[in-house]
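A.B. asks: Starting from these lines, generate the structure:
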Amino acid sequence: MSRLSMVTLAELPGLACPYCGRVVAADTPWAVAAATRWGWCGVKLTVDGEVAGLLLLSPLEEPGQAMLMNIWVRPESVRSGYGKQLLQAASAGLLSRKVRVIIAQGSRRSVRCEAPSRDFLKAIGFTRGLDDRLWRLDLDRTVAEKSGVLGIVGRLFESLRPVTPPEPAGGAISGRTTRTGS
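C.D. replies: The predicted structure follows:
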């Protein structure tokens with residue numbers, strides 16, 4: 001059974017990339033900035049108690065923007081949809097914090113946990129920015145689908161809107177009728 005959860009600074013030392021062995025230290029400035037601003041610095045996906053994927057983010061100077069700092073899925077879980085699930089969970093968390101854009105550095109040749117493949121970024125909704133290496137995901141445009149938690153919340157708020165009373169048929173206001181003719 002898989003489970004998504006937000007990553008705290010205390011968890012970082014135990015989350016090594018299975019490809020390069022890179023570990024993000026708990027005192028890394030961008031991770032501290034994320035945890036300070038959002039209360040978390042990423043999302044992890046566990047399957048049967050083992051970490052199967054990780055996505056880490058950093059706030060950017062520009063308000064409402066975040067930078068994808070690290071993403072990986074264990075080799076045996078590649079093409080399982082876990083990368084997309086990590087991004088969806090992170091997007092939901094960012095939207096609740098008023099972040100509307102995620103920037104990522106894409107790689108064409110040497111794919112690394114800091115720079116995922118451009119094909120992967122494109123497949124999960126990122127578009128190429130002005131710079132050939134930087135990719136952009138506009139959460140306002142990509143989270144238009146009314147499903148999941150955001151859809152439930154939206155439908156709840158819609159159901160709480162006051163209902164306007166129906167207009168009288170034919171514009172009649174009273175029950176009196178008038179005859180014309182004879």
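
A.B. asks: Which helix or strand lies directly C-terminal to the host helix or strand of residue 70?
C.D. replies: Element membership for residue 70 (DSSP states H and E) is strand 65-73. Remark: after strand 65-73, the chain's next helix or strand is helix 82-95, criterion DSSP H and E.

A.B. asks: residues in contact with that next one?
C.D. replies: Here helix 82-95 makes contact (C-beta atoms under 8 Å, 6 or more residues apart in numbering) with 2, 4, 6, 38, 40, 42-45, 52-55, 57, 66, 71, 73, 100, 102, 116, 120, 124-125, 137, 139, 142-143, 148-150. For every residue, glycine as well, the C-beta is placed using N, CA and C.

A.B. asks: Would you mind writing the CA trace of that helix as PDB?
C.D. replies: Presented in PDB, the C-alpha positions along helix 82-95 are these (Å, rounded to 0.1, in the frame of the first residue of the first chain):
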ATOM      1  CA  TYR A  82       4.800   7.700  -8.600                       C
ATOM      2  CA  GLY A  83       6.500  10.800  -9.900                       C
ATOM      3  CA  LYS A  84       3.200  12.200 -11.000                       C
ATOM      4  CA  GLN A  85       1.700  11.400  -7.600                       C
ATOM      5  CA  LEU A  86       4.500  13.200  -5.800                       C
ATOM      6  CA  LEU A  87       4.000  16.300  -8.000                       C
ATOM      7  CA  GLN A  88       0.200  16.300  -7.400                       C
ATOM      8  CA  ALA A  89       0.700  16.100  -3.700                       C
ATOM      9  CA  ALA A  90       3.300  18.800  -3.700                       C
ATOM     10  CA  SER A  91       1.000  21.000  -5.900                       C
ATOM     11  CA  ALA A  92      -1.900  20.600  -3.600                       C
ATOM     12  CA  GLY A  93       0.300  21.600  -0.600                       C
ATOM     13  CA  LEU A  94       1.700  24.600  -2.500                       C
ATOM     14  CA  LEU A  95      -1.700  25.800  -3.700                       C
END
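
A.B. asks: can you give me the mean pLDDT across it?
C.D. replies: Averaged over helix 82-95, pLDDT sits at 96.

A.B. asks: Could you report the pLDDT at the nearest residue to residue 104 once chain neighbours are set aside?
C.D. replies: Counting by C-beta to C-beta, 6 or more residues apart in numbering, residue 104 lies nearest to residue 68, which is 3.9 Å off, once chain neighbours are set aside. pLDDT for residue 68: 98.

A.B. asks: Does residue 68 touch residue 101 like I think?
C.D. replies: No - between residue 68 and residue 101 there is no contact under C-beta atoms under 8 Å: 11.0 Å.
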